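Colleague: heads up, no residue letters with this:
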C-alpha cells in the first residue's frame, strides 16, 4: 500500500527552513510571513480532517500559527520547523477537543449507529466517498489514528517520517495505520449502502 | 484500495487575512528571547534573593511589637546574637541593646494606646533589664578587662535612660503594666549602683 504523491508540493528540507527560522527568531516579521506561506496549506490539511468543518479548520489553523508566532523566540532548531508546527497543531486540536468534548474515541466510534452500515471490507475507501463523509469518519478515530491517517494519506509521508513527527517507531506507526484503516472500513458507508 | 484522501485547499481570503493578522502581531511577539543565564549565576541569584528575604524579614521584625508574628524573628535573632557573644563585654552590649529595643517597643505601645501590648512590653523590658543587671553585677564583682569596664559604663548609661523613661511612663502606664515597670525600674537602679 502506497500513498501517491502526484499532487504534493515539493517537500521542503529542514535546511531550507533554517535561514528563515533564524531571521524570524531574531525578530524579522517578514521571515515569519514566508514560513507561514510555506506551511499554511500543510497545517490546514493536517487540521482539516480532524475537526468538524471548514470554519473550525480555519480557526485551528489561525490558532496554530498564532501559537507558533508567540513561541518562535523559544523555538529550538533541534527539531525540523514543520515537525514543531505539527506538534503545535496537535496540541491545538487536543485543546479544542477538550473544550468541546467532541473527540470521540475509537470504541465510541464502533458503537456509533452508523457503524452498523458496515461495508464490504475490501471496497475502496477513499475513492468512493466524498471528503465530508471521510472527514466525519476520520474524526471518529482515536487522535493518534487521525494523525497517522492524515499524515499518510493526505501528506503522503512514509511511516518513518510519521514516526519522527508523532514520536513512535515505524512498526508502531504501521500498527496504528492498520487499525485506523480497519476502523474506517467499518465507518465509511459504501455507495451501495448509501443507496 | 486507492489510498488517497482529497486534499483540501485553504480559502484565499482566509490565507490573506491570517497572514495580515500574523504580521500585525509579529513585532510584539517576535521579541528575541533573552540569552539563558549561565548556571554559575544561579546560586548567586538564589543567595541574593535569600539575603533580600532575610533583610526584608529583619526589617519587618524590627518594627514589630510583642504579640505580632514578626516579633518571634526579632526575639530569635537576639537569642542567637547572645549565644554567639563569647565575651562578657559583648554579652553586656547585646543585653543593653536588647533592653533599649524593649523600651522602644513599650513607648510605641503606649503611644498607640495598646494596653495589652504595653503590659507585655513592660514584662519583656523587666526581663531584659534583669538579665542585663545579672551580667553587669557579675562584671562589677569579678576581674574586669578594659572592654568589660567600657561595656559596664555603657550599660549604666542605658540603665539611667531607662530609669528616667520608666519614671515618665509609670503614671500613664496601664495597671497591668505597672508591676513589671516597677521591677524594671528596680533593675535599672541595681545596674547603676556602685
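Modeller: It's in. The structure displayed is predicted, hence computed values, not measured ones.
Colleague: which ones are touching the residue in chain B positioned nearest to chain A?
Modeller: As assessed by Cβ to the nearest Cβ, chain A sits closest to residue B:26 within chain B, at 3.4 Å. The way it works is simple: take the backbone N, C-alpha and C, and place the C-beta from them, glycine included. Applying Cβ atoms under 8 Å, 6 or more residues apart in numbering or on different chains to residue B:26 gives the contacts A:29, A:32, A:33, A:69.
Colleague: right, and the first one touches residue B:30 too?
Modeller: Looking back up the chat, that one is residue A:29. Yes: counting by Cβ atoms under 8 Å, residue A:29 does reach residue B:30; the two are 6.2 Å apart.
Colleague: have a look at those two and say which one is more surrounded.
Modeller: Applying other Cβ atoms under 10 Å in any protein chain shown to residue A:29 and residue B:30 shows that residue B:30 carries more neighbours, namely 20 against 17.
Colleague: what about that one, distance to residue A:89?
Modeller: Distance from residue B:30 to residue A:89, counting by Cβ to Cβ, to the nearest Å: 20 Å.
Colleague: JSON lines for the contacts of residue B:26, including distance to residue B:9, secondary structure and pLDDT?
Modeller: Shown next, in JSON lines, are the contacts of residue B:26 (distance: Cβ to Cβ, whole Å; DSSP: H, G, I helix; E, B strand; the rest coil; pLDDT from 0 to 100):
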{"residue": "A:29", "distance to residue B:9": "25", "secondary structure": "helix", "pLDDT": "90"}
{"residue": "A:32", "distance to residue B:9": "22", "secondary structure": "helix", "pLDDT": "93"}
{"residue": "A:33", "distance to residue B:9": "19", "secondary structure": "helix", "pLDDT": "92"}
{"residue": "A:69", "distance to residue B:9": "23", "secondary structure": "helix", "pLDDT": "95"}
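Colleague: only the buried subset of those residues, as a PyMOL command please.
Modeller: Buried subset of the contacts of residue B:26, written as a PyMOL selection, criterion 16 or more other Cβ atoms under 10 Å in any protein chain shown:
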select buried, chain A and resi 29+32+33+69
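Colleague: can you give me the helices in chain A?
Modeller: Secondary structure of chain A (DSSP state H): helices at A:14-25, A:29-48, A:54-71, A:81-100, A:106-111, A:131-138, A:143-153, A:159-166, A:170-187, A:191-194.
Colleague: can you tell me which of these is nearest to chain B?
Modeller: helix A:29-48 (3.4 Å).
Colleague: any idea how far that closest one is from the chain center?
Modeller: Distance, stretch centre to chain centre, for helix A:29-48: 14 Å (Cα atoms, centre = their mean, to the nearest Å).
Colleague: with stretch B:12-24 instead?
Modeller: 58 Å.
Colleague: next one: stretch B:86-105
Modeller: For stretch B:86-105, the distance to the chain centre is 16 Å (Cα atoms, centre = their mean).
Colleague: good, we can wrap up now.
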